[in-house]
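# Have a look at this prediction, sequence included:
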Amino acid sequence: MINGRISGNKSGFIAVSPLIVFLITYLVVSVAAGDFYKMPIVIAFLVSGITGIVTTRGIKLHRRVDIFIRGAANENIILMVLIFILAGAFSGSASSMGAVDASVNLILDFMPESLLLSGVFIAACVISLSMGTSVGTIVALTPVAIGLATRTDLSLPMMVGVVIGGAMFGDNLSFISDTTIVAVRTQGCNMKDKFFANLKIVLPVAMAILAVYVILGLNLNLQDVENQTVEWIKVIPYLVVLIGAGAGMNVLVVLLLGIILTGVSGFITGGYDVWSWLDAQNKGIIGMGELIVVTLLAGGVLEIIRHNGGIDWIIGKMTARVNGKRGAELSISGLVCLANVCTANNTIALIMSGPIAKDIATRFNIDPRRSASLLDTFSCFVQGIIPYGAQVLIAAGLSDLSPIEIIPWLFYPMLMGVGALLAILFRYPRSLA
């Protein structure tokens with residue numbers, strides 16, 4: 001042991017024991033309970049943090065706690081917390097004001113009958129891109145998809161799969177998505193740059209899937225789909241957030257502007273008064289509470305692991321036979337996929353794997369935009385297809401379907417994973433390879 005650090009295979013294993021304890025506490029217990037949401041992830045991280053503090057040797061207890069606190073109070077962690085708070089306030093106030101319904105009506109109003117299927121996909125993409133949450137998009141659009149399925153000859157599982165696919169597209173690219181926020185903060189790149197790097201990989205996939213939906217919708221038997229009036233003023237907050245973020249504005253400024261505009265739109269349309277606007281923001285922030293706590297705990301756990309040499313040990317094991325960028329990128333992608341399968345939460349998977357991926361990227365001179373893009377894309381790929389993930393479970397619950405019935409229709413998430421893998425193997429795009 002040197003300066004409190006430990007080395008060697010045995011000590012390296014001890015250094016990563018907090019991560020192992022987390023996986024056992026969360027994954028094994030969840031499997032045993034038959035429910036991946038039975039074991040609170042906050043408790044699993046709390047146990048993991050205690051394990052890290054206990055297994056750290058060579059320094060006094062108060063110093064071990066200081067190390068944990070230093071990790072939780074890391075500037076990147078705190079910035080993510082601030083963004084999560086504002087994103088929750090914006091999402092809550094926008095949804096309460098009726099912006100989601102207005103956005104849905106706007107997309108569907110412009111879609112010809114034969115393009116209804118592709119229109120739902122586009123609506124899910126746009127709303128998720130604007131809201132920054134796949135779960136919120138699925139909750140908003142699944143009832144619409146169910147209603148449309150009952151009036152057409154399209155299968156309900158396919159319609160639900162279309163919604164999930166579009167939701168994951170936006171989750172992967174949105175400037176205010178928690179996955180994007182974590183990916184860019186852990187890799188040290190600009191959101192705008194990550195967006196365009198990411199877009200080069202997933203846009204061809206989305207276009208291919210869109211073409212499939214257009215073909216499937218050509219012989220659509222549409223009965224009575226009631227057209228809803230589009231309330232343009234309610235769409236303005238989403239448009240401003242999307243345009244502002246796309247123009248490279250600071251995400252905190254963009255979210256604050258979006259929150260203000262939801263209030264203005266709500267007051268003009270009579271959607272709510274000042275108190276209900278504030279209440280909607282409060283509920284949105286509270287909805288982000290668990291994610292905020294988990295982010296803080298995860299930051300502390302990772303700092304303990306790093307202090308004890310665990311990060312170096314993991315990187316050494318994963319890159320022992322890697323001798324180039326392609327292998328390093330496959331290691332980064334495999335790392336986040338494994339974390340996502342174990343946690344069933346793509347944001348948590350990114351929080352856990354992001355710092356390790358950053359070290360691998362630095363060691364093999366991988367562009368931060370590239371590593372952030374791969375992390376986000378592969379996490380969304382796994383999250384979009386696992387039957388025990390929140391997205392599929394919520395959609396299944398709303399549509400009274402089994403998650404297994406939906407899985408075969410998840411065209412976009414599946415092809416997104418294939419596209420990202422091909423991007424690694426064929427070094428695409430060349431500008432970032």
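Okay, I see it.
# Name the residues that touch stretch 277-284?
For stretch 277-284, the external contacting residues (Cβ atoms under 8 Å, 6 or more residues apart in numbering) are 88-93, 95-97, 259, 262-263, 266-267, 272. (C-beta placed from N, C-alpha, C; glycine too.)
# and with 6 Å instead?
Taking contacts as Cβ atoms under 6 Å, 6 or more residues apart in numbering, the residues outside stretch 277-284 that touch it are 88-89, 91-93, 96, 263, 266.
# what would those residues look like in CSV with distance to F381?
As requested, the contacts of stretch 277-284 are arranged in CSV below (distance: Cβ to Cβ, whole Å):
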residue, distance to F381
G88, 25
A89, 29
S91, 23
G92, 28
S93, 31
S96, 32
G263, 37
G266, 36
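# Out of these, name the ones that lie in strands.
By the criterion of DSSP state E, membership of the contacts of stretch 277-284 in strands covers no residue at all.
# which among those residues gets closest to V214?
S91 (30.4 Å; Cβ to Cβ).
# Quick check: closest non-adjacent residue to the closest one.
Among residues not flanking S91 along the chain, G284 sits closest, at 5.1 Å (Cβ to Cβ, 6 or more residues apart in numbering).
# if I look at that neighbour, how far off is G258?
With distances taken as Cβ to Cβ, to the nearest Å, G284 is found 12 Å from G258.
# Kindly report the same for V31.
Where G258 is concerned, V31 sits at a distance of 40 Å (Cβ to Cβ).
# the more surrounded of these two?
G258 (28 against 13; other Cβ atoms under 10 Å).
# Assign that one to helix, strand or coil.
In terms of secondary structure, G258 is helix; the call rests on DSSP: H, G, I helix; E, B strand; the rest coil.
# any idea how far I243 is from it?
If you measure G258 against I243 using Cβ to Cβ, the figure is 11 Å.
# same thing with G270?
Remark: distance between G270 and I243 (Cβ to Cβ) = 26 Å.
# Those two: which is more packed in?
When G270 and I243 are compared for neighbours, I243 comes out ahead with 11 against 7, by other Cβ under 10 Å.
# What pLDDT is listed against the more buried one?
Among the per-residue scores, I243 shows a pLDDT of 76.
# Compute the distance between it and N172, please.
For I243, the distance to N172 equals 19 Å [Cβ to Cβ].
# How about A357?
The span separating A357 from N172 equals 16 Å under the rule Cβ to Cβ.
# So if I had to pick from these two, which one is more boxed in?
N172 (34 against 29).
# Next one: the more buried one from N346, what distance?
For N172, the distance to N346 under the criterion Cβ to Cβ works out to 9 Å.
# Could you do A390 as well?
If you go by Cβ to Cβ, the gap between A390 and N346 works out to 9 Å.
# Pick out whichever of those two has more residues nearby.
With other Cβ under 10 Å as the criterion, A390 and N346 differ in neighbour count, and N346 comes out ahead with 33 against 17.
# Would you mind confirming that the more buried one makes contact with T180?
No. Here N346 does not reach T180: they are 10.8 Å apart, not a contact under Cβ atoms under 6 Å.
# Got phi/psi on G271?
Backbone dihedrals for G271, given as degrees, to the nearest 10, come out at phi -60, psi -40.
# wait, what's in contact with it?
Taking Cβ under 6 Å, 6+ apart, one finds 97-98 in contact with G271.
# Also C125?
The contact partners of C125, taken as Cβ under 6 Å, 6+ apart, are 166, 169-170.
# Just give me how far the strand or helix carrying it sits from the chain centre.
When secondary structure is defined using DSSP states H and E, the element that contains C125 is helix 116-131. Distance, stretch centre to chain centre, for helix 116-131: 16 Å (Cα atoms, centre = their mean, to the nearest Å).
# what's the angle between the helix or strand that it is followed by and helix 116-131?
On the C-terminal side of helix 116-131, the nearest following helix or strand under DSSP H and E is helix 134-150. Angle, helix 134-150 to helix 116-131, by axes from the mean of the first three to the mean of the last three Cα atoms, to 10 degrees: 160 degrees.
# Dump the C-alpha coordinates for helix 134-150 into CSV.
Coordinates of the C-alpha atoms in helix 134-150 are reproduced here as CSV (Å, rounded to 0.1, in the frame of the first residue of the first chain):
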residue,chain,number,x,y,z
SER,A,134,-38.1,9.4,-23.3
VAL,A,135,-40.3,8.3,-20.4
GLY,A,136,-42.3,11.6,-20.5
THR,A,137,-42.7,11.2,-24.3
ILE,A,138,-43.9,7.6,-23.9
VAL,A,139,-46.4,8.6,-21.2
ALA,A,140,-47.7,11.4,-23.4
LEU,A,141,-47.8,9.6,-26.8
THR,A,142,-48.7,6.0,-25.9
PRO,A,143,-52.4,6.9,-25.3
VAL,A,144,-52.5,8.6,-28.7
ALA,A,145,-50.9,5.5,-30.3
ILE,A,146,-53.5,3.3,-28.6
GLY,A,147,-56.3,5.4,-29.9
LEU,A,148,-54.9,5.4,-33.4
ALA,A,149,-54.3,1.7,-33.4
THR,A,150,-58.0,1.1,-32.5
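# Let me see the residues that make contact with that helix.
Counting by Cβ under 6 Å, 6+ apart, helix 134-150 makes contact with 100, 104, 120, 124, 127-128, 156, 159-160, 163, 167-168, 171, 390-391, 394-395, 398-399, all of which sit outside it.
# Return the subset of the residues you listed lying in strands.
Secondary structure from DSSP E places none of the contacts of helix 134-150 in strands.
# Return the members of the residues you listed classed as buried.
Neighbour-count burial (16 or more other Cβ atoms under 10 Å) is assigned, among the contacts of helix 134-150, to 100, 104, 120, 124, 127-128, 156, 159-160, 163, 167-168, 171, 390-391, 394-395, 398-399.
# just to revisit the earlier point, neighbours around the residue nearest to S91, how many?
G284: 23 surrounding residues under other Cβ under 10 Å.
# Quick check: it vs L257, distance?
In terms of Cβ to Cβ, G284 sits 16 Å off from L257.
# And for S379?
Computed with Cβ to Cβ, the distance linking S379 and L257 is 28 Å.
# which is the next helix or strand following the helix or strand where V54 lies?
For V54, the element it lies in under DSSP H and E is helix 41-55. The element immediately downstream of helix 41-55 (helix or strand, assigned by DSSP H and E) is helix 61-72.
# Thank you kindly, that will do.
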